[in-house]
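Undergrad: Have a look at this prediction, sequence included:
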Amino acid sequence: MEMFLCRGRLLNLRRTMAALQSYCSTVTCGRQTVNGVDLYYEKTGTGKHAVVLLPGALGNTKTDFQPQLKSLNKELFTVVGWDPRGYGQSRPPDRDFPLNFFERDARDVVDLMRTLGFVKFSLLGWSDGGITALIAAAKNPGLINKMVVWGSNAFVSQEDLDIYNSVCDVSKWSARMRAPMEEVYGADVFAKTWEAWVNGIGQFAHIPKGNICIDLLPLIKCPTLIIHGEKDPMVPSCHPYFLLKHIQGSRLHLMPEGKHNVHLRFPEEFNKLVEDFLEEGQNNK
Ligand code: TYC
């Protein structure tokens, strides 16, 4: 029995090492100064369709997008993951949350992609990263090819505010939920930055309509896929339906068993959905 367990563990270890090796050999990491900030990014794939991954609040390439960097088709796509300023490895500076923080991220990510030499690209944005993507697409219609957003919202309601406040104190989170973020930031910085984020996004609840980017939605011209986990406890389903209504020609795909992190929980289904959408109608000859 013991032998059997040891062998099992050894096999697992070997598989992990092999996965790590193939990941490291194909993903290149870099830094680029944009708008006065030193931004960290990772890049993989050689495809002609460029795609940038936009992480959620306090998230970064490492915490949020491993299954996408590893498994999105590398012949079809060139995939870039970026850490927004003040998040992950794009520190310093410390993160702050002025009322224009989403606009600032939108400008940074677009300028990063252009500085890296991409003329046109698609956006894959999760949660806060989806909000950033919506703004970037609305403000740069000529640069954005297609967009996928999931777990995102264009406004903050009282219900949203109540949910933010209920998760503000990270000491009430399970250790398992906190661990990846604490590994990136350390426990103290994570707790403080998360509280600052809750206050930052909470600012929108106090302006008319809770408006983050409602007025920008009609300016979005690129094909847009909205994905939503029907069991998402953080982002009520009124949000994807609102996006669907206000983004011209957009589509909504619901994942019945999905919660907030559909791309991490169901990576194969998610990646296939996204690849099919991105490649639809593209001329690959
Ligand atoms: N917007 C957060 C993110 O970008 C997720 C979140 C949503 C957190 C709602 C709390 O009440 C909340 N990952």
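TA: That came in fine, so what should we check first?
Undergrad: just the helices in the chain please.
TA: When assigned using DSSP state H, the helices of the chain occupy the ranges 2-26, 61-64, 66-71, 101-115, 128-139, 158-166, 175-185, 187-202, 238-246, 262-265, 267-279.
Undergrad: So what pairs up with H49 in the strands?
TA: In this structure, H49 bridges to F77 when assessed by DSSP bridges.
Undergrad: Is there a neighbour count for it? I'd like the number.
TA: The number of residues packed around H49, counting by other C-beta atoms under 10 Å, is 20. Every residue, glycine included, has its C-beta placed from N, CA and C.
Undergrad: What of A196?
TA: For A196, the number of neighbouring residues by other C-beta under 10 Å comes to 16.
Undergrad: can you check C213 too?
TA: Close neighbours of C213, defined as other C-beta under 10 Å, add up to 24.
Undergrad: That one against I135, yeah?
TA: Yes. Because the distance of 5.2 Å satisfies C-beta atoms under 8 Å, C213 is recorded as touching I135.
Undergrad: Give the residues shared as contacts by those two.
TA: Overlap between the contact sets of C213 and I135, as judged by C-beta atoms under 8 Å, 6 or more residues apart in numbering, is given by F102.
Undergrad: Show me what from this protein comes close to the ligand.
TA: Residues of the chain lying close to the ligand by C-beta under 6 Å from any ligand atom are G56, A57, S127, D128, I163, Y164, V167, M234, V235.
Undergrad: Of the residues you listed, select the buried ones using a PyMOL command.
TA: Selection of the buried residues among these in PyMOL, burial being defined by 16 or more other C-beta atoms under 10 Å:
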select buried, resi 56+57+127+128+163+164+234+235
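Undergrad: Rebuild the residues of the chain next to the ligand as CSV, extending it with pLDDT.
TA: Below are the residues of the chain next to the ligand laid out as CSV (pLDDT from 0 to 100):
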residue, pLDDT
G56, 98
A57, 98
S127, 98
D128, 98
I163, 97
Y164, 97
V167, 96
M234, 97
V235, 98
